[in-house]
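[1] A predicted structure for the sequence below; I have some questions about it.
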Amino acid sequence: MAKACVVGSGIAGLASAIRLRRKGYQVDVFEANPYPGGKMHSEQYQGYRFDLGPSLFTMPGLVEELFELCGKSPKDHFPYIRKDTLCHYFWEDGTRFQAPAPLASFAREAACIFGDDEDRIAAYLEKNRRKFELTRSVFLEQSLHKPKTYLKGSTLKALAGIGGLGIFNTLDGVNRAYFQSPKLVQLFNRYATYNGSNPYQAPGIMSMIPHLEMGLGTYFPREGMHQIPDSLYQLACEQGVTFHFNTPVNQILTKGKRACGIRAGGVEIPADLVVSNMDIYPTYRNLLPDHPAPERTLSQERSSSALIFYWGIRKVFPQLDLHNIFFSEDYPEEFRQIFEARGLSADPTVYINITSKERPADAPAGCENWFVMINAPGDYGQDWDILVNAARKNILAKLSRILGEPLETLIEVEKVLTPPGISERTRSFRGALYGAASNNRFAAFLRHPNFSNRIRGLYFTGGSVHPGGGIPLCLLSAKIVSDSIPAA
């Protein structure tokens, strides 16, 4: 039986392993950590459970598809709910907006809160939908690095409509052209952070990102976000995939111009093909040191990282929901700090995820588990002790002002994850959450392909390669890889 080795068990590595197993390969997955899931991990601290990584779940059909591929009923293995409210938004001047999930309700209530025209808001949402439907098959569901992609009718249709996609404008420019309210512009600018980019530089085509959440829905796995990799790990095991934890890969082996296995723990493991779910930068620098690296690709600007505080809070806040955003008063300065100064704004936008709102067992009675995150630069050798201390002070002051509570007195559990910690835990170069940033109109074409042009039998999956970061795109990258590999 032909054998495949998968390096890393992040969400894309798990999906790749399942798909390759279904294609008849013997599949071995090698993971440096003692658990599957990569960034999607969960830990318990004194009665509080925290999802440590991604907190937003969209396009659940991509997970369900893997169960269906294996002849399983998704609802029996992966239950989840759809949220009626997308997010609770807060501004310093007292403005509040509980964004409803139905698009018509969103347009109506946003018009009421922000004073913009309801029809104009609805038209913006509809245009986002059309952008997504026009481009999804080209930019998300197939390789941009194979000539045959550009001969398909869907590609030609997308290219014919390229002038209306916003690639010659910034996301901020597109949003300002639609909305009069600076707050509504800010609300839609934030979607650039979904792939670690700057809304004042990222192309306007990214205005389709809100459709993933607003048009297709926001969901919550019944057991928390860690249920996604955990359920796929169980599925992979049932299909006969073998996992090797605490086993970092030291090298991808090649013979001539073909991948022929890996070296892990000083042992050579032969294989007919290799799939790397490791960040593309360390894949080349560490695992392929004797092969020329695509320097132009590796030198691209890195995406943003994150600074995360995990707080066990001794109080229930009824005005908060699963997803909450507390906006900065100076959004451009926040992104200037992240991408130019490589520092942190004194007034950062704060995201709080509280899974105990949906799963009460995640916190003791009368308490809440707060995942408190701000966007941060990658690790370039900054003094993170100073940055973390200042950020903690600023975050607590901001939240205490807006919520009217002295929050520091309510914290009984605290853990911190910094960009260096993210880098160490996930082998992500500089702690970047999404590989390269998308602060370029041609960013989609500059991402590394899902295969090697130089080494046959070598493939790449995950958030640092095409089509990008985030759970849905990582799952799509696994599908693109699988579609590129013939059955065993």
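    Received, thanks.
[2] could you use CA atoms for every contact and neighbour count after this?
    Fine.
[3] now M59, what's its secondary structure?
    coil (DSSP: H, G, I helix; E, B strand; the rest coil).
[4] just list the residues touching it, thanks.
    L212, L216, G217, T218, P472 (Cα atoms under 8 Å, 6 or more residues apart in numbering).
[5] and the residue nearest to the fourth one when sequence neighbours are not counted, how far from A361?
    It stands for T218. Excluding the flanking residues, the one nearest T218 by Cα to Cα, 6 or more residues apart in numbering is T58, at 5.2 Å. Here T58 is placed at a distance of 23 Å from A361 (Cα to Cα, to the nearest Å).
[6] please say which of the two ends up with more neighbours.
    T58 (19 against 15; other Cα atoms under 10 Å).
[7] and the more buried one, what does it touch?
    With Cα under 8 Å, 6+ apart, T58 has these contacts: L212, E213, L216, G217, T218, Y219, I471, P472.
[8] contacting residues for Q201?
    For Q201, the contact set (Cα under 8 Å, 6+ apart) comprises T170, L171, D172, N439, N440.
[9] which stretches of the stretch 301-450 of the chain have low pLDDT?
    Scanning the stretch 301-450 of the chain for pLDDT under 70 picks out 441-445.
[10] now do the helices in the stretch 351-488 of the chain.
    Here the stretch 351-488 of the chain has its helices, by DSSP state H, counting those that start in this stretch, at 384-403, 419-426, 443-446, 471-484.
[11] can you tell me which of these is most buried?
    helix 471-484 (a mean of 24; mean count of other Cα atoms under 10 Å).
[12] hang on, C260 in a strand?
    Yes: counting by three-state DSSP, C260 is located in a strand.
[13] and it, how far from V29?
    Counting by Cα to Cα, the gap from C260 to V29 is 15 Å.
[14] picking that back up, please pick the buried ones from the contacts of M59.
    L212, G217, T218, P472 (16 or more other Cα atoms under 10 Å).
[15] among the residues you listed, which are in helices?
    L212, P472 (DSSP state H).
[16] just put the buried ones among the contacts of M59 in TSV and tack on distance to I386.
    Compiled in TSV, the buried ones among the contacts of M59 are given as follows (distance: Cα to Cα, whole Å):
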residue	distance to I386
L212	37
G217	39
T218	36
P472	35
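[17] of the buried ones among the contacts of M59, closest to I18?
    Comparing the buried ones among the contacts of M59 against I18 with Cα to Cα picks out P472 as the nearest, at 16.0 Å.
[18] hang on, isn't the closest one packed against E65?
    No: shown here, P472 and E65 do not form a contact pair, counting by Cα atoms under 8 Å, at 11.9 Å.
[19] for the stretch 1-150 of the chain, give me the ranges with low pLDDT.
    For the stretch 1-150 of the chain, the ranges with pLDDT under 70 are 138-139, 141, 143-150.
[20] what are the buried residues along stretch 256-274?
    258-264, 268, 270-274.
[21] can you give me how far it is from the chain middle?
    Stretch 256-274 has its C-alpha centroid displaced from the chain centroid by 29 Å (Cα atoms, centre = their mean, to the nearest Å).
[22] where exactly do the strands run in the stretch 1-150 of the chain?
    3-7, 26-30, 42-45, 48-51, 80-82, 85-90, 96-100 (DSSP state E, counting those that start in this stretch).
[23] which residues touch the third one?
    The one in question is strand 42-45. R49, F50, D51, L52, H226, V413.
[24] as PDB, could you dump the C-alpha coordinates of that strand?
    Coordinates of the C-alpha atoms in strand 42-45 are reproduced here as PDB (Å, rounded to 0.1, in the frame of the first residue of the first chain):
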ATOM      1  CA  SER A  42      -8.100  23.500  25.100                       C
ATOM      2  CA  GLU A  43      -6.900  23.700  28.700                       C
ATOM      3  CA  GLN A  44      -8.500  23.700  32.100                       C
ATOM      4  CA  TYR A  45      -7.400  26.100  34.900                       C
END
